[in-house]
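> this one's sequence-less:
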């Protein structure tokens, strides 16, 4: 479905954060120079990994949980499209090797949460092959662009990743929580987690030993007791089919482009980042307000619109600008919903801007 190797192993997790943690755990075990499971981290082993400065916070949490420390995660600058700068990545890897550090993993983004940006996954795969690095791709929602005819080029090269994290409760419209991690090397995946004491012995087939010949998911992640997450994924896919999911994703993309057109046609709204997929970052603007006032104004817009209950959006920061943040991943979204959104932003923005203007007039 995602073009991932048939020989890959995978496990459904509580969400994208757990999926990233599992993928990076396998990367650590695969690229260390010693037995990490039995000996733990060596004091003199300075393992480092790389991701764009736009990477999701769950990556840093995973690095910290692995005991590497957040300083081992090297943030690489991005270009004007918020894509990882490959020249900067090459240079940082070379510098780190010179300092005696051990680069072991690059984390590529297939749709960042803040801007919806996609790293050049083919280029990252080429680099990782040349440098003997593990390539992990965080495709929490963006990986599902593979089901869209108009957007699947965004994830070209994703199938070359050593591990891939995705969330089915995002752009596959399934109830939370249901993330998934895929690992291209089945043996490395299992070796990173397998632990079978006598009271959990299984396999062998027949009725003699519990569990039959089927693998246990506890051998592919940290959880032993776990929910039956596969059931809702299986039922959803069997009921609707992959093609219908592709059509719904295309529908969300058309709606997103409609919103972009509304923003670009207005003198009172501006885009604050490119829109490669379904994440739209924009803000309300007034020529007579400075950046600090615009940030304050847009933060108030988010709160007031949420409290009105007509539409729901969130806020974020992009290059010091406070932006209105829209992530269109709902199969029930209608095109007219974006007319309501634009109208509300303009109405509330004008009202707040007038208040800001009056405050400036009375200020000594």
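Ah, there it is. Predicted model only: the values in this text are computed from it and were never measured.

> ok, now which ones touch the residue most central in space within the chain?
Geometric centre of the chain, nearest residue: residue 140, 3.9 Å, by CA atoms, centre = their mean. Neighbouring residues of residue 140 by CB atoms under 8 Å, 6 or more residues apart in numbering: 16, 19, 56, 111, 113, 165, 166, 167, 170, 179. Any C-beta I mention is one placed from the backbone N, CA and C, and that applies to glycine too.

> how about low-confidence regions in the stretch 101-250 of the chain?
Applying pLDDT under 70 to the stretch 101-250 of the chain flags the ranges 203-213.

> narrow the contacts of residue 140 to those in strands?
Counting by DSSP state E, those place 165, 166, 167, 179 in strands.

> what bridges to the first one?
To tie it back to what came earlier, the one meant is residue 165. With DSSP bridges as the criterion, residue 165 is bridged to residue 138, residue 181.

> about what we covered before: from residue 23, how far out is the residue nearest to the centre of the chain?
Noted for residue 140: a distance of 12 Å to residue 23, by CB to CB, to the nearest Å.

> now for those two: what residues contact both?
Common contact partners of residue 140 and residue 23 (CB under 8 Å, 6+ apart): residue 165.

> tell me how the chain divides into domains.
With domains defined by automatic domain parsing, the chain comprises 9-240, 243-362.

> all strands of the protein, in order?
9-13, 47-52, 73-76, 102-109, 134-138, 163-167, 179-183, 269-271, 279-284, 314-318, 321-327.

> in stretch 61-74, which residues are buried?
Going by neighbour count (16 or more other CB atoms under 10 Å), the buried part of stretch 61-74 is 62, 63, 66, 68, 72, 73, 74.

> ok, stretch 74-87 next?
Quick answer for stretch 74-87 (16+ other CB under 10 Å): 74, 75, 76, 78, 82, 83, 84, 85, 86.

> how far off centre is that stretch?
On the basis of CA atoms, centre = their mean, to the nearest Å, stretch 74-87 sits 16 Å off its chain's mean C-alpha point.

> that older thread, how close does the residue nearest to the centre of the chain get to residue 164?
10 Å.

> please name the nearest non-neighbouring residue to residue 110.
Among residues not flanking residue 110 along the chain, residue 139 sits closest, at 3.5 Å (CB to CB, 6 or more residues apart in numbering).

> run a quick neighbour tally on that neighbour.
Neighbour count of residue 139, defined by other CB atoms under 10 Å: 30.

> if I read this right, it contacts residue 165, doesn't it?
Yes: at 6.4 Å, residue 139 counts as touching residue 165 under the criterion of CB atoms under 8 Å.

> one step back: need the strands of the chain in JSON lines (columns: distance to residue 338).
Listed next are the strands of the chain as JSON lines, based on distance: least, CB to CB, whole Å:
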{"stretch": "strand 9-13", "distance to residue 338": "33"}
{"stretch": "strand 47-52", "distance to residue 338": "29"}
{"stretch": "strand 73-76", "distance to residue 338": "33"}
{"stretch": "strand 102-109", "distance to residue 338": "26"}
{"stretch": "strand 134-138", "distance to residue 338": "27"}
{"stretch": "strand 163-167", "distance to residue 338": "24"}
{"stretch": "strand 179-183", "distance to residue 338": "28"}
{"stretch": "strand 269-271", "distance to residue 338": "12"}
{"stretch": "strand 279-284", "distance to residue 338": "9"}
{"stretch": "strand 314-318", "distance to residue 338": "16"}
{"stretch": "strand 321-327", "distance to residue 338": "9"}
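
> of all those, which lies closest to residue 296?
The closest of the strands of the chain to residue 296 is strand 321-327. By CB to CB, the value is 7.8 Å.

> and that closest one, what other elements does it pack with?
strand 279-284, helix 291-308, strand 314-318 (3 or more CB pairs under 8 Å, 6 or more residues apart in numbering; DSSP states H and E).

> what residues of the last one count as buried?
The neighbour-count criterion (16+ other CB under 10 Å) identifies 315, 316, 318 as the buried residues of strand 314-318.

> in the top helix by length along the chain, what counts as buried?
The longest helix of the chain (DSSP state H) is helix 335-362. For helix 335-362, the buried set under the neighbour-count rule, 16+ other CB under 10 Å, comprises 337, 338, 341, 342, 344, 345, 346, 348, 349, 352, 353, 356.

> check contacts around residue 180.
Per CB under 8 Å, 6+ apart, neighbours of residue 180: 10, 11, 12, 13, 19, 165, 166, 167, 168, 233.

> typo on my end, residue 24
49, 59, 62, 63, 66, 105, 107, 136, 163 are the contacts of residue 24 under CB under 8 Å, 6+ apart.

> all set, thanks.
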